[in-house]
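here you go, sequence then predicted model.
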2 protein chains.
Amino acid sequence: MAGTSNPTRERIISAASKLFYSEGIRAVSVDAVAEKAGLTKRTLYYHFRSKDDLIAAYLAARDQPNLALFKRWFDEADGNLSAKVRAIFVHLARNAGHPKWKGCGFLRTSAELANLPGHPAIKIGAAHKKKFEAWLRVTFEEAGIVGAARLARQILLLLDGSFAVV
Amino acid sequence: MAGTSNPTRERIISAASKLFYSEGIRAVSVDAVAEKAGLTKRTLYYHFRSKDDLIAAYLAARDQPNLALFKRWFDEADGNLSAKVRAIFVHLARNAGHPKWKGCGFLRTSAELANLPGHPAIKIGAAHKKKFEAWLRVTFEEAGIVGAARLARQILLLLDGSFAVV
DNA sequence: TTGTGTATATTCACTGGTTAGTATACATGG
DNA sequence: CCATGTATACTAACCAGTGAATATACACAA
């Protein structure tokens, strides 16, 4: 049931994650994911109904860790609120210098699936963004910032811009 | 020779433009482009060496008109420099409301081709961005803005953020 | 004017390879 | 014996790119 961590399933998601992120979703075949995970495509299809399901699971698995990472960057930064927000961008810039950096997985996925507006993966990406924006807004509100919602929105805009590659 | 406008070639690019932008590059087959252009795939391959060539031509064809549009939005806006910059974002926001809006074609293309770093289309996209940033910088410099380059860079960042979909 | 050659442009039919997804059988532990 | 999980081997579709033939147009010689 929900929450039951299935090691095989997680191994598949982990393999998919690496391949989908570095190569792109449409460029990676289900066979390639299965091979990377060390099992057969048929086994993969036992754990996932379809490739679309796998894509959705890939993004869903990135959701929490990604948010947690951002929050950690924020929390662990010294200084006032402004410095903490800046810390997120600084860390991001550092990551972007890494050769494996390929931009935001959520943004890239939604770019690839732009012709499938109802795709579950796109909904997951949108929800991810909304969660982060909401967290920012609440954080600003608790700090007594006026126009917290507006500021959160602007920061998200800048963040998406930073995420853009090329 | 260069500059010789070939109507068939342009018809193909026009068809490719519509399909690539609305559906995504990898989701659109060469056959589909040929059919949309009202000719055979083989004819398409007479005018373009490969699909990659066609992709590059698609982006190259978007380069000048896109820049011209942004400049026009800027030039035709009333008010001071700040208002003129804001006009770009206002127009963009209006476009983004249109149902056909799918974000920035250059960004989306480079997202789809992220696994092919040397692809000519990616270079065209990068050059497009650089051109616009350079134009912004020169415009700011002529207006006597201090830190024109820095400001141009920041605006581009915001712009990319605005372009992001989802 | 007529015939002929040549470059441009277009088509039909095909190949070789890849892909998402499946039918079926085999294992293994409770 | 049965549920869970895994593998082999397949299908049906799709797709980028090609070989070979054909049509059109224009230049130039007879």
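Right, received. Where do you want to start?

from DNA strand C, how far off is A:Gly24?
11 Å (Cβ to the nearest atom of the strand, to the nearest Å). Every residue, glycine included, has its C-beta placed from N, CA and C.

helix/strand/coil for A:Gly79?
Classification of A:Gly79 by DSSP: H, G, I helix; E, B strand; the rest coil places it in coil.

now A:His98
From three-state DSSP, the assignment for A:His98 is coil.

could you do A:Val146 as well?
In three-state terms, and counting by three-state DSSP, A:Val146 is coil.

got the contact list for it?
Residues counted as contacts of A:Val146 (Cβ atoms under 8 Å, 6 or more residues apart in numbering or on different chains): none.

quick one, phi psi at it?
phi -80, psi 140 (degrees, to the nearest 10).

next: A:Asp78.
Residue torsions, per degrees, to the nearest 10, at A:Asp78 are phi -80, psi 160.

and it, how far is that from A:Ile155?
19 Å (Cβ to Cβ, to the nearest Å).

those two: who's more crowded?
When A:Asp78 and A:Ile155 are compared for neighbours, A:Ile155 comes out ahead with 19 against 7, by other Cβ atoms under 10 Å in any protein chain shown.

helices and strands around the lengthiest helix in chain A, which ones?
Assignment by DSSP state H gives helix A:51-76 as the longest helix of chain A. When contacts are defined as 3 or more Cβ pairs under 8 Å, 6 or more residues apart in numbering or on different chains; DSSP states H and E, helix A:51-76 packs onto helix A:7-23, helix A:30-37, helix A:81-96, helix A:105-112, helix A:120-142.

one more time with 7 Å, if that's ok
Counting contacts by 3 or more Cβ pairs under 7 Å, 6 or more residues apart in numbering or on different chains; DSSP states H and E, helix A:51-76 packs against helix A:7-23, helix A:81-96, helix A:105-112, helix A:120-142.

from the chain's centroid, how far away is the first one?
The offset between the C-alpha centroid of helix A:7-23 and the centroid of the whole chain comes to 13 Å, using Cα atoms, centre = their mean, to the nearest Å.

repeat for the longest one
Averaging C-alpha coordinates over helix A:120-142 and over its chain gives two centres that are 11 Å apart (Cα atoms, centre = their mean).

average pLDDT for that helix?
Averaged over helix A:120-142, pLDDT sits at 96.

that one versus helix A:7-23: what angle between them?
Inter-element angle recorded for helix A:120-142 and helix A:7-23: 80 degrees (by axes from the mean of the first three to the mean of the last three Cα atoms, to 10 degrees).

alpha carbons of helix A:120-142, as CSV, please.
C-alpha atoms of helix A:120-142 as CSV (Å, rounded to 0.1, in the frame of the first residue of the first chain):
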residue,chain,number,x,y,z
PRO,A,120,0.3,13.6,-14.5
ALA,A,121,4.0,14.6,-14.5
ILE,A,122,3.1,18.1,-15.5
LYS,A,123,0.7,18.4,-12.6
ILE,A,124,3.4,17.1,-10.2
GLY,A,125,5.7,19.8,-11.5
ALA,A,126,3.2,22.5,-11.1
ALA,A,127,2.4,21.3,-7.5
HIS,A,128,6.1,21.3,-6.7
LYS,A,129,6.4,25.0,-7.7
LYS,A,130,3.4,25.9,-5.8
LYS,A,131,4.6,24.2,-2.7
PHE,A,132,7.9,26.0,-2.8
GLU,A,133,6.2,29.4,-3.4
ALA,A,134,3.8,28.7,-0.5
TRP,A,135,6.7,27.9,1.8
LEU,A,136,8.5,31.1,0.8
ARG,A,137,5.4,33.1,1.4
VAL,A,138,4.8,31.7,4.8
THR,A,139,8.4,32.2,5.7
PHE,A,140,8.2,35.9,4.7
GLU,A,141,4.9,36.3,6.5
GLU,A,142,6.4,34.9,9.7
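
next helix or strand past that helix?
Downstream of helix A:120-142, the next assigned helix or strand under DSSP states H and E is helix A:148-163.

buried residues in that following helix?
A:Ala148, A:Leu151, A:Ala152, A:Ile155, A:Leu156, A:Leu157, A:Leu158, A:Leu159, A:Asp160, A:Gly161, A:Ser162, A:Phe163 (16 or more other Cβ atoms under 10 Å in any protein chain shown).

nearest residue to A:Asp63 other than its sequence neighbours?
Once flanking residues are discounted, A:Asp63 sits nearest to A:His128: 5.1 Å by Cβ to Cβ, 6 or more residues apart in numbering or on different chains.

so that neighbour sits against A:Pro65, correct?
No. Counting by Cβ atoms under 7 Å, A:His128 stays clear of A:Pro65, with 11.0 Å between them.

between the two, which one's more packed in?
A:His128 (21 against 9).

near chain B, which residues of chain A are found?
Applying Cβ under 7 Å from any Cβ of the partner chain, one finds that chain A approaches chain B through A:22-24, A:26-27, A:102-103, A:106-108, A:110-112, A:114-115, A:122, A:125-126, A:129, A:157-162, A:164-166.
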